[in-house]
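>>> Task: produce atomic coordinates for the following.
(2 chains)
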Amino acid sequence: MRRLRFSILVLATASCCMATLLAAVGDGQWRTRVPERARLQANPLANDRDAVAAGAKLFQQNCASCHGNQAEGRSKRPNLHTDRVKHATPGELEWLLKNGSLKNGMPSWSRLPEPQRWQLVAYLKSLP
Amino acid sequence: MTRFAAKLQYLSALLIAMCFLTKAGSAQETYFVTYSHEMEEPGNLEVEFKSVAGSPSGGNSFVGSALALEYGAKAWWTSELYLDGQSTSGESTIFTGFRWENRFRPLLEEHWINPVLYVEFEDTSADKSLLEVVGHDGLADFAEHNDRSEKKREGELKLIFSSNVRGWNFSENIIAEKNLANEPWEFGYAVGASRPLASKAGPKPCVFCRENFLAGVEMYGGLGDRPSLGLHHTSHYVAPALEWRMPSGTSFKVSPGFGLNDYSNRFLLRFGVSYEINQIAARLRGH
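Okay, the predicted model is just below:
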């Protein structure tokens, strides 16, 4: 019985630690968190003729369910035809795709290989 | 062919049919046992069917299966419910129980190594889904006849480390499992590496292009229990894995696993199919 109580205590403690860790991690405006080196990074696929089309395809596969087929936003998910996206540097957008903004519901897309993230950036920068 | 196996086939066929009808996001992990730091996208529900078939020496052939419902509660929190079953040749076909797991990403940005905390409760009996190997799990377990009277209520903790580097994913899991009855902690491990066959996407939709395939390998096994920590009387497996992510978002994966010592099953064959229902909560609300 003591061991059972000990096991429950360990599981409860682990859960509390996780909640505390999550509460301790703050999240401000994502652009303010982008390191300078990432911010200044140019899109290596900017001159790739296929990058926008490939990025559009990736957008439909990975992003459209939240942001809408035309990136117009859906439900509470943001519209991407905004000044914030237009004025963001390619490096900032790639950083956001890689890191996400987990606290605000934007998942990390680090599982996409880096060239695919740059293809997505090329598509986002091509939005009217 | 047992009735349960026939039902599993129907279920598989149903899932496959749904795959072609459902517009979905891409599926999750290439591995069967190892976890990476990929989380389910918030609001999405992934339905996955996994099976493992084995023919242990000294025991009867079996098919273990799990239906997994994975929901992205938050971008940093994924919750998953498994319903497990198994069919053993010459014995019986049974529902073996359920497990409920939660994964949390404590660090909200991407790092060179990303920790994930995993907590699971499971209530199973005679389970053969082999979703993890811990303690002294091994061949002897498969020689036992199906006995649902032996209930296992277990808590499980995993510390998951995972990195995405130059298109590769490297994941390492440390597992600690405790039968909530009076049994010692058991330990295990799982490690894996995978990558897509092409890192750039082509401009046109395609089904069989290299970017839709991922290849990887994972290795997993037991590390004994608290009184006898170590590799003595533990089983270990190495398993290459191949995943095909269709443009519709459906994913198929297959993995032959090879036992690395006499205490392991010589060969395991795993198969998985999954599809993702995007923004299920919003759909239910009619948005």
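>>> Which parts of the stretch 51-200 of chain B are helices?
With DSSP state H, counting those that start in this stretch, the ranges of helices along the stretch 51-200 of chain B come out as B:139-143.
>>> Near chain A, which residues of it are found?
B:72, B:74-76, B:104-110, B:117, B:119, B:155, B:157, B:164, B:166-167, B:169, B:178, B:180-182, B:195-196, B:199-200 (C-beta under 8 Å from any C-beta of the partner chain). Quick note: C-beta positions are derived from backbone N, CA and C, even for glycine.
>>> Looking at strand pairing, list the partners for B:Gly224.
B:Gly135, B:Leu229 (DSSP bridges).
>>> Around it, how many other residues sit close by?
When neighbours are defined as other C-beta atoms under 10 Å in any protein chain shown, B:Gly224 has 20 of them.
>>> residue contacts, the most centrally placed residue in chain A?
Centroid-nearest residue in chain A: A:Gly100, 2.4 Å away (criterion: C-alpha atoms, centre = their mean). Each residue near A:Gly100 by C-beta atoms under 8 Å, 6 or more residues apart in numbering or on different chains is listed here: A:Met106, A:Pro107, A:Ser108, A:Trp109, B:Ala75, B:Glu110.
>>> B:Leu269 now?
B:Val52, B:Ala53, B:Gly54, B:Val254, B:Ser255, B:Pro256, B:Gly257.
>>> just B:Leu214 next, same as before
B:Thr30, B:Ser194, B:Arg195, B:Pro196, B:Leu197, B:Leu242, B:Glu243, B:Arg245.
>>> before we move on, the earlier item: go through the contacts of B:Leu269 and say which is closest to chain A.
Proximity of the contacts of B:Leu269 to chain A (C-beta to the nearest C-beta) peaks at B:Ser255, which lies at 18.5 Å.
>>> Going along the chain, name the strands of chain B.
Using DSSP state E, the strands of chain B run over residues B:45-54, B:62-74, B:77-88, B:93-104, B:114-124, B:152-165, B:168-179, B:185-196, B:213-225, B:236-245, B:251-259, B:267-277.
>>> any chance of those strands in CSV, with mean pLDDT and distance to B:Val133 too?
Listed next are those as CSV, based on pLDDT from 0 to 100; distance: least, C-beta to C-beta, whole Å:
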stretch, mean pLDDT, distance to B:Val133
strand B:45-54, 96, 11
strand B:62-74, 96, 12
strand B:77-88, 96, 15
strand B:93-104, 96, 15
strand B:114-124, 97, 14
strand B:152-165, 95, 12
strand B:168-179, 97, 8
strand B:185-196, 97, 5
strand B:213-225, 97, 5
strand B:236-245, 97, 7
strand B:251-259, 97, 10
strand B:267-277, 95, 10
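>>> thinking again about what came up before, quick check: of the contacts of A:Gly100, which lies closest to B:Asn44?
For these, the residue nearest B:Asn44 by C-beta to C-beta is A:Pro107; the value is 9.3 Å.
>>> ok, the closest one touching B:Glu41?
Yes. With contact defined as C-beta atoms under 8 Å, A:Pro107 reaches B:Glu41; the gap is 4.9 Å.
>>> Need the residues touching each of the two.
Residues touching both A:Pro107 and B:Glu41 (C-beta under 8 Å, 6+ apart): B:Gly72, B:Ala75.
>>> Neighbour count for these two, which is higher?
B:Glu41 (27 against 24).
>>> got the CA coordinates for stretch A:54-64 in PDB?
What follows is stretch A:54-64, C-alpha atoms only, in PDB (Å, rounded to 0.1, in the frame of the first residue of the first chain):
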ATOM      1  CA  ALA A  54       6.000  24.400 -53.900                       C
ATOM      2  CA  GLY A  55       5.200  26.700 -51.000                       C
ATOM      3  CA  ALA A  56       1.600  27.000 -52.000                       C
ATOM      4  CA  LYS A  57       1.400  23.200 -52.200                       C
ATOM      5  CA  LEU A  58       2.900  22.900 -48.700                       C
ATOM      6  CA  PHE A  59       0.600  25.500 -47.400                       C
ATOM      7  CA  GLN A  60      -2.500  23.600 -48.600                       C
ATOM      8  CA  GLN A  61      -1.100  20.400 -47.000                       C
ATOM      9  CA  ASN A  62       0.000  21.800 -43.700                       C
ATOM     10  CA  CYS A  63      -1.500  25.300 -43.000                       C
ATOM     11  CA  ALA A  64      -4.800  25.700 -44.800                       C
END
